[in-house]
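Chemist: From the sequence below, what's the structure:
(one chain, ligands or ions: 1)
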Amino acid sequence: MENGAKTNKTVLSFVQSSGTPTLGNYFGAFKNWHDMALENDCIFGVADLHAITVRNTPADLRRRSLEMYAWLLALGLEPEKNIIFLQSHVQEHALLAWILNCYTQFGEASRMTQFKEKSQKHADNVNVGLFTYPILMAADILLYNADMVPVGDDQKQHLEIARDIAERFNGIYGDVFKLPAPYIGKKGAKILSLQEPEKKMSKSDLNVKSFISLTDNTDVVVKKIKSAVTDSEARVYYGEGKNGINNLMNIYSCCTGKDFAEIEAEFAGKGYGDFKAAVAEAVVAELEPLRNEYEHILSDKAYIEKCAKEGAEKAQYIARKTVRKVMKKVGFYQV
Ligand code: TRP
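Modeler: Residues are numbered from 1 along each chain as shown. Now for the predicted structure:
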């Protein structure tokens, strides 16, 4: 693709505002978003409506939503060229979600594995919002006629139900919704926990040593990588039964662009101490400029708010059109 040339595809993705993003969000999602924004029309949202499926204090929710928006700007996603907004600023999301609820079967929603996992994790608050969460996500996607939706593995099932709902609706009313395709990034799609490298790295993990948050300073990054779980073999190569080392190799590869063979050659004859030091250095080199940019943007709240407001206006323009069409098809009386 020529420099600056755009496809006519719409790429859409959202991130929950449930905490400071991690290295996993960065390599698994944000970097792809950044690359995709060079070639496509993009819509990026902070999913603050989804965030209330777990209990938050109001001040936290507000702060985190602003911070997550600031991260999106810090990544270099340009608010003039893309639509970057807060989900709750466009009320059509809730409206379409309600309508789509009525085109989703209880049985199919019950099959969502993330609902089962989350209801175990938050057994004291298994609210109906948690259950209908994928339908709100379907609304997010279908409102904007998205062609491609970059998501992690854990969201694939939600994307499938969005397609099923869209297909069902189209089957009844004609071609209303575009069917979105998933997009799973080639590399780094899954950065794993540093402590339990069978699990995805997650910002909500109770063990803070298991994840690197994008706000972690150099000392913290070094300490966390030093204490990452490895194995007793003391040889750096990618292989079976070496989840911890494989994960660190993946992180190192994401930071440096080196492939696994190059990494193995680089650390041939060296121990895990040297390897971990190099991984930590590479992570710091990647995150430090990003963190500085984030701090810089966060200090200008008026700028963030201006971008968010303009983003919401652009999003709402599209969302309104879709909702109007849907309501007409369903048979709501229009005057
Ligand atoms: N559920 C997604 C997650 O937790 C976030 C999300 C909400 C989303 N709406 C979306 C992702 C629409 C893609 C498209 O990661």
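Chemist: okay, CA-based contacts and neighbour counts for the rest of this
Modeler: Will do.
Chemist: Give me the phi and psi for G269.
Modeler: phi 80, psi 0 (degrees, to the nearest 10).
Chemist: For the closest residue to it other than its chain neighbours, which three-state class applies?
Modeler: Nearest residue to G269, sequence neighbours excluded (C-alpha to C-alpha, 6 or more residues apart in numbering): R235, at 7.5 Å. Classification of R235 using DSSP: H, G, I helix; E, B strand; the rest coil returns coil.
Chemist: mind listing what R235 touches?
Modeler: A268, G269, K270, G271, Y272 (C-alpha atoms under 8 Å, 6 or more residues apart in numbering).
Chemist: List the contacts of the third one.
Modeler: Read that as K270. By C-alpha under 8 Å, 6+ apart, the residues touching K270 are R235, V236.
Chemist: ok so L248 is a strand residue?
Modeler: No - applying three-state DSSP, one finds L248 to be helix, outside a strand.
Chemist: Tell me the confidence at it?
Modeler: pLDDT for L248: 97.
Chemist: Tally up the residues packed near it, please.
Modeler: 26 (other C-alpha atoms under 10 Å).
Chemist: all helices of the chain, in order?
Modeler: Ranges of helices in the chain, per DSSP state H, are 23-25, 31-37, 48-51, 58-74, 92-101, 106-110, 113-121, 128-142, 156-173, 218-226, 243-256, 260-266, 272-298, 301-330.
Chemist: out of these, which comes closest to the ligand?
Modeler: helix 128-142 (4.1 Å; C-alpha to the nearest ligand atom).
Chemist: which strands and helices sit next to the closest one?
Modeler: Helices and strands touching helix 128-142, by 3 or more C-alpha pairs under 8 Å, 6 or more residues apart in numbering; DSSP states H and E, are helix 92-101, helix 106-110, helix 113-121, helix 156-173.
Chemist: quick one: D231 from L23, how far?
Modeler: 22 Å (C-alpha to C-alpha, to the nearest Å).
Chemist: more crowded one of those two?
Modeler: L23 (24 against 12).
Chemist: of the contacts of R235, closest to the ligand?
Modeler: Distance to the ligand, by C-alpha to the nearest ligand atom, is smallest for Y272 among those, at 32.5 Å.
Chemist: okay, and for the stretch 51-200 of the chain, where does confidence drop off?
Modeler: 185-189 (pLDDT under 70).
Chemist: got the residues of it near the ligand?
Modeler: By C-alpha under 6 Å from any ligand atom, the residues of the stretch 51-200 of the chain that approach the ligand are M137, D140, I141, V149, V151.
Chemist: List the contacts of the fourth one.
Modeler: Contact analysis of V149 by C-alpha under 8 Å, 6+ apart lists V11, L12, S13, I141, P180, A181, P182, Y183.
Chemist: correct me, but the second one touches N145?
Modeler: No - using C-alpha atoms under 8 Å as the test, L12 is too far from N145 to be in contact (9.0 Å).
Chemist: So if I had to pick from those two, which one is more boxed in?
Modeler: Between L12 and N145, L12 has the larger neighbour count (other C-alpha under 10 Å), namely 28 against 20.
Chemist: Just list whatever residues bridge to the closest residue to that one other than its chain neighbours.
Modeler: Nearest non-adjacent residue to L12, counting by C-alpha to C-alpha, 6+ apart: I43, 4.7 Å away. I43 has the following beta-bridge partners by DSSP bridges: L12, I83.
Chemist: Let the chain start at 37 from now.
Modeler: That works, and once the first residue is 37, the last one we named lands at I79.
Chemist: Would you mind measuring from I79 to H125?
Modeler: Counting by C-alpha to C-alpha, the gap from I79 to H125 is 14 Å.
Chemist: cool, L284 as well?
Modeler: 39 Å.
Chemist: do S268 as well
Modeler: From S268 to H125 the distance is 51 Å (C-alpha to C-alpha).
Chemist: Those two: which has the busier surroundings?
Modeler: Shown here are S268 and H125; by other C-alpha under 10 Å, H125 has more neighbours (17 against 7).
Chemist: Do I have it right that the more buried one meets G347?
Modeler: No - between H125 and G347 there is no contact under C-alpha under 8 Å: 9.3 Å.
Chemist: circling back: quick check: pLDDT value at the residue nearest to L48.
Modeler: For I79, the predicted pLDDT is 98.
Chemist: what's the answer for G64, then?
Modeler: In this model, G64 carries a pLDDT of 88.
Chemist: okay if I get the helices and strands packed on helix 164-178 as a markdown table plus distance to A87?
Modeler: Formatted as a markdown table, the helices and strands packed on helix 164-178 follow (distance: least, C-alpha to C-alpha, whole Å):
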| stretch | distance to A87 |
| --- | --- |
| helix 128-137 | 13 |
| helix 142-146 | 19 |
| helix 149-157 | 13 |
| helix 192-209 | 16 |
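Chemist: which residue sits closest to the residue in the stretch 237-371 of the chain that the ligand sits nearest to in space, ignoring its chain neighbours?
Modeler: Nearest to the ligand in the stretch 237-371 of the chain, going by C-alpha to the nearest ligand atom, is S238, at a distance of 10.8 Å. In space, and not counting its chain neighbours, S238 is closest to F247: 6.4 Å by C-alpha to C-alpha, 6+ apart.
Chemist: what about that neighbour, neighbour count?
Modeler: Neighbour tally, F247, other C-alpha under 10 Å: 28.
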